[in-house]
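Undergrad: Fold the following and give me the result.
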Amino acid sequence: MQVRLLVPILSLAALPLLYFSGLQPDPVPADPPAATASPDDPSAIITAEDMYNRIYFLASDALMGRDTPSQGLEAAAAYLASEHRRLGLQGGAEGGSFYQRWPYRLLGPDLAAASLTLQGNVGERSLEPGRDMAARGAVEDRLDAELVFVQSTEGDPVEGSMEGQVAVFSFPMPEGWNQQARQMAQRQAGWAAASGAVASLHILGADVTEEAVTGLTEQLAGPGRVMGWDLPFPQIFVTRDAAREAIEGIDQVAQAASAGTPTPLDGRLTGELPVRIHDDAHPPNVVAMIRGSDPDLQDEYVVLSAHMDHVGTGQPMDGDTIYNGADDNASGTAALVETARAISAMGEAPRRSVLFVHVSGEERGLLGSRWFVENPPIPVQQMVANINADMIGSDAHPDTLVVIGKDYSTLGPLVDRINDSMPELGLVTSDDLWPEQRFFYRSDQFNFMRMEIPSLFFFTGVHECYHRPCDTVDFIDPDKAARIARLLTHSVLEIANADERPRWDPEGLAEVRELTGGGR
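TA: Numbers count the residues shown, from 1 in each chain. This next block holds a predicted model:
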């Protein structure tokens, strides 16, 4: 295939520098491009070559797998913002910017500045990190809270029942800090946080050595990435000897509390466990908008989403350490840009507005889309539909597009109808081929569904190059990806021009509510 690069080679190096030098372009509106798309089929301008070129850049080695956060991700974001601006789209984030940044800080406890004391019925005991205690998480203000023993976590926590208290748990750890111990610590801390406790205190078994405490301190104190501004919940692991020196009869209280009844201890935890921020990262979502043409409907939005990030670099396979992410998800990202190009090239915009949302952090737990729906530039009530495109370039299932969520709303029949009317696409719009995998709840549409926005997932399935270095542009079927992008374009136009919003199927919405725990 002859390749016509859309981005000069120089930009592979220049785009990351654009961000880190503080020269990130302002959202200056561009003159809209001349209308070149056919009004009968605007998607006809989308070609396999166009898709190949965009995927080629996004999945190039220069972007180093687009981890969140990374310079490669910044380069991808700068490219996408530049392309949408060039096509005449408006910035769709706050203040008309193309960038919505979200906090993703690398932080952990600052043990060198920590100062914690157990105050009990027989005296005070200062806790020395690495000898008497290990900790993770942090608190902003000084701790001064009553200790309450809550050994059992079998019952559901009552919200607010431990407001202003420290939940104390027995934590024997007989086989060291293994998977079972990590799960127990997570379960206990989760119970404490859900009850409103200010911290959890885990009293180690009597046979846990000082050497084991030192090792646990080193493991827990390492920094971790956290989305948002809240600090991770503080967990303090204390030796049993240190606890006994402050609180007489603590073993008897632990036995009494084993039946599940919270038992106040004659003691308090005081002091400070400050945070150390190792990296104050703010990765980008890129949001672009085509403003609707109907005054009565232009404040309603059809939202297209695709994650632009991948997993970065990793273990070498056949000497290659760059996990390029061509299918996952340069393919869906390219489809959004091509859809924007086709719609922006029409003589008149659709009736409703269209948002193109390129999120980051999908590979880290759907974080960018979560931030977007929880901090939306427009009210979620004005988002009438979401179509998420993730991994649409694989030919593992020739000419098949799996449209997951078809039975959940009127969006499914709409896409089927459009595909049936366009036999030239040569696509089969299949129902979910892998219902046991629960893919409908595993990509960014999940967060839109949490807000009860009718959603679909365009997907072509996992494959042998999933999260491997072989997911390169040469793995992609650009013709199939282009045909899917054309179907996406017509689906968006149909939704944006319809008199009525898409509607949930009542049973589908009930399942979504049950599995997301969501709702507006």
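Undergrad: tell me which element S305 is part of?
TA: strand 301-307 (DSSP states H and E).
Undergrad: That strand pairs with which strands?
TA: Note on strand 301-307: by DSSP bridges, its sheet partners are strand 353-359 (parallel), strand 383-389 (parallel).
Undergrad: Dump those strands to JSON lines, plus mean pLDDT.
TA: Below are the strands paired with strand 301-307 laid out as JSON lines (pLDDT from 0 to 100):
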{"stretch": "strand 353-359", "mean pLDDT": "98"}
{"stretch": "strand 383-389", "mean pLDDT": "98"}
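Undergrad: quick check: domain ranges of this protein?
TA: 46-102+282-516, 107-278 (automatic domain parsing).
Undergrad: State the mean pLDDT of the shortest one.
TA: Computed over domain 107-278, the mean pLDDT rounds to 92.
Undergrad: Surely M308 touches A75?
TA: No - here M308 does not reach A75: they are 10.3 Å apart, not a contact under CB atoms under 8 Å. For every residue, glycine as well, the C-beta is placed using N, CA and C.
Undergrad: More neighbours: which of these two?
TA: Applying other CB atoms under 10 Å to M308 and A75 shows that M308 carries more neighbours, namely 30 against 27.
Undergrad: Return the residues in contact with the more buried one.
TA: 58, 66, 73, 76-77, 80, 286, 329-330, 333, 358-360 (CB atoms under 8 Å, 6 or more residues apart in numbering).
Undergrad: Quick one: the helices in this protein, in order.
TA: 11-20, 48-58, 71-86, 179-194, 210-221, 240-246, 250-257, 332-344, 367-374, 411-420, 445-450, 478-497, 506-516 (DSSP state H).
Undergrad: how about these, which one is nearest D144?
TA: helix 240-246 (14.7 Å; CB to CB).
Undergrad: same for that closest one, what does it pack against?
TA: With contacts taken as 3 or more CB pairs under 8 Å, 6 or more residues apart in numbering; DSSP states H and E, helix 240-246 sits against strand 115-120, strand 123-127, strand 199-204, helix 250-257.
Undergrad: List the contacts of the longest one.
TA: Outside of helix 250-257, the residues that reach it under the criterion CB under 8 Å, 6+ apart are F149, V150, Q151, S152, S170, I203, R240, A243, R244, T263, L265.
Undergrad: which two from the residues you listed end up farthest apart in space?
TA: S152 and R244, at 21.8 Å, using CB to CB across these.
Undergrad: Paired strands for the longest strand along the chain, with orientation please.
TA: What stands out as the longest strand in the chain, according to DSSP state E, is strand 263-272. Using DSSP bridges, the strands paired with strand 263-272 in its sheet are strand 115-120 (antiparallel), strand 143-149 (antiparallel).
Undergrad: quick check: angle from that strand to strand 123-127?
TA: Relative orientation of strand 263-272 versus strand 123-127 (axes from the mean of the first three to the mean of the last three CA atoms, to 10 degrees): 50 degrees.
Undergrad: Which of S152 and R244 has more residues huddled nearby?
TA: Regarding S152 and R244, a neighbour count based on other CB under 10 Å identifies R244 as having more, with 18 against 14.
Undergrad: what's near enough to touch that one?
TA: Taking CB under 8 Å, 6+ apart as the test, what R244 contacts is I250, D251.
Undergrad: show me the contacts for the closest residue to R54 other than its chain neighbours.
TA: Once flanking residues are discounted, R54 sits nearest to A334: 3.7 Å by CB to CB, 6 or more residues apart in numbering. With contact set as CB under 8 Å, 6+ apart, A334 has these partners: D50, M51, R54, I55, L58, A481, A485.
Undergrad: which of those lies closest to R276?
TA: Of those, the one sitting nearest to R276 (CB to CB) turns out to be L58, at 34.5 Å.
Undergrad: give me the number of residues near that closest one?
TA: With other CB under 10 Å as criterion, L58 counts 27.
Undergrad: Equivalent analysis for R125, please.
TA: 22.
Undergrad: Let me see the contact set for it.
TA: Per CB under 8 Å, 6+ apart, neighbours of R125: T117, L118, D132, A242, A243, E245, A246.
Undergrad: my read: V150 touches R187, true?
TA: No - using CB under 8 Å as the test, V150 is too far from R187 to be in contact (11.8 Å).
Undergrad: Please verify my assumption that M184 contacts F171.
TA: Yes - in this structure, M184 is within contact of F171 by CB under 8 Å, at 6.9 Å.
Undergrad: Nothing else from me, thank you.
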